[in-house]
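Visitor: sharing a model that was predicted from the sequence below.
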Amino acid sequence: MLKIGDKAPNFSLLNQNGKKVFLKDYIGKKIVLYFYPKDMTSGCTKEGCDFRDHIKIFEKHNTVVLGISCDSVESHKKFSDKYDFPFSILSDGAKKIVQDYGVWKQKNMYGRKYYGIERTTFIIDEKGKVEKIFSKVNVKNHIKELLDLLES
């Protein structure tokens, strides 16, 4: 797992429009990089809509929002179009980046073990270093935590 102060692993992934996005393209801006389990599910939809509804505040603080899940570009396109997301959601179908960031974890639901993304948000500073990590994110209060951090 990454630690505060580590250099954020670079990546190039396709967004919902099929455009290649490189983390290094955002050097000079703060990045909110959030990993979420699955398009079109209740928690992930609420989280994405919270980012959408507060995007102007993030932009005011020179901050870019990027979401990542293992869903396909096509799934991301439907998800983004349905909820009008003004930011990139990136497809990590190969599960390389979720592993690089340490968010691909064994989970347990109703006694069944499986691997999936543990909802996690990384704040990456303008120089590409990890500034803050929110693990096992509670969607209900997460946007407030992030905005409080930005505005402090």
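Guide: On my side now, so go ahead.

Visitor: when you work out contacts or count neighbours from here on, use the C-alpha atoms and nothing else.
Guide: Noted.

Visitor: residue 78: which element?
Guide: Assignment of secondary structure by DSSP states H and E places residue 78 within helix 73-83.

Visitor: average model confidence for that helix?
Guide: Summarised as a single mean, pLDDT over helix 73-83 is 98.

Visitor: next, the buried residues of that helix.
Guide: Within helix 73-83, the residues that qualify as buried by neighbour count (16 or more other Cα atoms under 10 Å) are 73, 75, 76, 77, 79, 80.

Visitor: which residues touch the closest residue to the third one other than its chain neighbours?
Guide: Distances taken as Cα to Cα, 6 or more residues apart in numbering put residue 16 closest to residue 76, at 4.9 Å, once the chain neighbours are dropped. With Cα atoms under 8 Å, 6 or more residues apart in numbering as the criterion, the residues that contact residue 16 are 73, 74, 75, 76, 77, 80, 88, 89, 90, 91.

Visitor: could you redo the last one with a cut-off of 10 Å?
Guide: 72-81, 85, 87-91 (Cα atoms under 10 Å, 6 or more residues apart in numbering).

Visitor: could you give the separation of the helix holding residue 78 from the chain centroid?
Guide: 15 Å (Cα atoms, centre = their mean, to the nearest Å).

Visitor: list of residues touching it?
Guide: Contacts of helix 73-83 (Cα under 10 Å, 6+ apart): 13-19, 38-41, 45-46, 48-49, 52, 68-70, 84-93.

Visitor: now it - C-alpha only, CSV.
Guide: Provided in CSV are the C-alpha atoms of helix 73-83 (Å, rounded to 0.1, in the frame of the first residue of the first chain):
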residue,chain,number,x,y,z
VAL,A,73,-14.8,2.0,-21.2
GLU,A,74,-18.3,1.3,-22.6
SER,A,75,-19.7,0.8,-19.1
HIS,A,76,-18.0,4.0,-18.0
LYS,A,77,-19.5,5.9,-21.0
LYS,A,78,-23.1,4.8,-20.0
PHE,A,79,-22.5,5.6,-16.4
SER,A,80,-20.9,9.0,-17.2
ASP,A,81,-23.6,9.9,-19.7
LYS,A,82,-26.5,8.9,-17.4
TYR,A,83,-25.2,11.1,-14.5
